[in-house]
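Engineer: okay, here's the prediction I keep looking at, along with the sequence it came from:
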Amino acid sequence: MGKYILKRVLQFIPVFLGVTLILFALQNIVPGDPIKLIGGEKALTPEVELQLRVKYHLVQVDDEGNAILDENGDPVPETLWNRYVFYMGSLLQGDLGSSYQRKLPVTDIFAAKYPYTAKLAVCAIVLEAIMGIGAGIISAVKRYSFWDILVTLVTSVLVAVPAFWLGMLLQLFFGVQLHVLPISGAGGTASQYQDWVHYILPAVTLASVSTAYCARIMRSQLLDVMNQDYIRTAKAKGLSDRAIIWRHALKNALIPVVTYIGVDFGAMLSGAILTETVFNWPGIGYEMFRAISSRDWPIVMGGVTLVVLVVMVINLLVDVSYAFLDPRIRFDSSNKNA
């Protein structure tokens with residue numbers, strides 16, 4: 001197990017470096033001068049502009065930290081590779097840079113926003129796991145019954161409906177028409193609702209499509225497992241259907257479901273841009289949407305870097321969880337199935 005975990009962590013390094021390099025290159029391909037974005041509508045003096053270019057490693061500097069000028073007196077631009085090295089060096093020290101627009105460290109912005117995203121993701125993934133797995137089990141056990149048809153119909157509708165449109169419908173019905181649930185924000189002293197009530201509509205919206213896929217995967221896998229030889233042997237021994245499902249079938253059928261839920265949880269922890277934007281949720285997703293709109297690249301780069309790290313960690317945890325669900329799976333490096 002230890003060798004497998006170490007192997008997977010080492011595999012993450014080139015993936016992480018490759019993703020950050022591509023994103024850094026794309027950031028510099030997009031038209032626009034970041035220094036002009038920092039200044040906004042206010043014109044910067046040449047001295048201040050040069051200082052900012054030195055601060056953000058946009059121009060080459062000498063040993064004393066002064067900008068190097070060419071024969072025309074213009075600063076010499078720094079190479080893209082050197083700027084990437086500066087960025088990665090700062091990243092390894094936990095420095096994601098400073099926001100162009102808000103003039104605050106990106107780490108401080110994310111530290112304030114991420115708890116909202118994490119709590120919303122936990123609520124949504126719990127709802128997805130309970131409703132999705134439960135609906136899938138009912139649909140598989142009562143195959144071709146009314147409940148199977150109902151689950152199939154509901155999941156088909158949820159898959160077809162865009163999440164942001166479902167969120168707006170929920171806002172219109174429960175917030176505008178019935179006035180029973182808040183339609184935006186995460187609560188606080190100014191809200192007439194308790195803080196936990198603000199999580200209901202965003203969590204339902206965020207989990208809706210994923211719950212439908214989870215139920216479909218659960219139904220398909222459980223039906224496949226129920227046709228295996230060891231299930232027929234258990235039935236021949238006189239075990240009840242409940243015992244067969246809970247003791248034998250469910251554990252093996254859960255492996256693909258756990259994979260899907262784990263990957264989906266990583267995506268939720270990375271920030272659901274559409275859901276957070278619709279509900280004006282103060283999380284990472286909404287912050288990245290604002291940063292993309294205003295071309296605040298340090299927040300965009302920091303957010304994507306955080307997304308990559310979260311997804312890699314969640315994928316590793318999902319892989320490790322396989323050993324507890326199926327004892328046939330071995331993570332030893334000498335095993336061909338690893």
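Structural biologist: Nice, I can see it. Numbering: from 1, shown residues only.
Engineer: from residue 116, how far out is residue 128?
Structural biologist: 19 Å (Cβ to Cβ, to the nearest Å). In short, each C-beta sits where N, CA and C put it, glycine included.
Engineer: of the two, which one has the most company?
Structural biologist: Set side by side, residue 128 and residue 116 show more neighbours around residue 128, with 26 against 23, by other Cβ atoms under 10 Å.
Engineer: show the model's pLDDT score for that one.
Structural biologist: pLDDT recorded at residue 128 is 94.
Engineer: can you tell me how far it sits from residue 8?
Structural biologist: Taken as Cβ to Cβ, the span from residue 128 to residue 8 is 25 Å.
Engineer: quick one: residues contacting the closest residue to residue 205 other than its chain neighbours.
Structural biologist: Closest residue in space to residue 205, ignoring its immediate chain neighbours: residue 167 at 3.9 Å, by Cβ to Cβ, 6 or more residues apart in numbering. For residue 167, the contact set (Cβ atoms under 8 Å, 6 or more residues apart in numbering) comprises 201, 202, 205, 274, 275, 278, 279.
Engineer: phi, psi for the residue of the chain positioned farthest from its centre please.
Structural biologist: The outermost residue of the chain relative to its centre, with distances by Cα atoms, centre = their mean, is residue 71 at 48.4 Å. Residue 71 adopts backbone torsions of phi -70, psi -20, taken as degrees, to the nearest 10.
Engineer: next one: residue 103
Structural biologist: The phi/psi pair for residue 103 (degrees, to the nearest 10) is phi 60, psi 30.
Engineer: distance check, it against residue 296.
Structural biologist: From residue 103 to residue 296 the distance is 11 Å (Cβ to Cβ).
Engineer: which of these two has more neighbours?
Structural biologist: More crowded of residue 103 and residue 296, by other Cβ under 10 Å: residue 296, with 25 against 8.
Engineer: report the buried residues of stretch 165-180.
Structural biologist: 166, 167, 170, 171, 174, 175 (16 or more other Cβ atoms under 10 Å).
Engineer: ok, those vs residue 242, which is closest?
Structural biologist: Within these, distances to residue 242 taken as Cβ to Cβ reach their minimum at residue 166, with 34.4 Å.
Engineer: ranking helices and strands of this protein by mean pLDDT, which lands last?
Structural biologist: The helix or strand of the chain with the lowest confidence, counting by mean pLDDT, DSSP states H and E, is helix 34-39 at a mean of 72.
Engineer: distance from that one to the middle of the chain?
Structural biologist: The chain centre lies 29 Å from the centre of helix 34-39; the measure is Cα atoms, centre = their mean, to the nearest Å.
Engineer: that older thread, next secondary structure after the strand or helix carrying the residue nearest to residue 205?
Structural biologist: Secondary structure assignment for residue 167, by DSSP states H and E: helix 163-170. As assigned by DSSP H and E, the chain's next helix or strand after helix 163-170 is helix 200-225.
Engineer: just the angle between that next one and helix 163-170, please?
Structural biologist: 120 degrees (axes from the mean of the first three to the mean of the last three Cα atoms, to 10 degrees).
Engineer: burial measure for residue 266, as a count.
Structural biologist: Neighbours of residue 266 (other Cβ under 10 Å): 21.
Engineer: contacts only, for it.
Structural biologist: Residue 266 touches 310, 311, 313, 314, 315, counting by Cβ under 8 Å, 6+ apart.
Engineer: nearest residue to it in space, please, no chain neighbours.
Structural biologist: residue 314 (3.4 Å).
Engineer: so for the host helix or strand of the one you found, what gets flagged as buried?
Structural biologist: For residue 314, the host element (DSSP H and E) is helix 297-325. Within helix 297-325, the residues that qualify as buried are 297-308, 310-312, 314-316, 318-319, 322, 325, counting by 16+ other Cβ under 10 Å.
Engineer: mind giving me the packing neighbours of it?
Structural biologist: helix 2-29, helix 106-141, helix 250-269, helix 284-294 (3 or more Cβ pairs under 8 Å, 6 or more residues apart in numbering; DSSP states H and E).
Engineer: with distance to residue 244 added, can I get the ones you listed in a markdown table?
Structural biologist: Compiled in a markdown table, the helices and strands packed on helix 297-325 are given as follows (distance: least, Cβ to Cβ, whole Å):
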| stretch | distance to residue 244 |
| --- | --- |
| helix 2-29 | 32 |
| helix 106-141 | 10 |
| helix 250-269 | 9 |
| helix 284-294 | 42 |
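Engineer: weakest of these in terms of mean pLDDT?
Structural biologist: helix 2-29 (a mean of 80).
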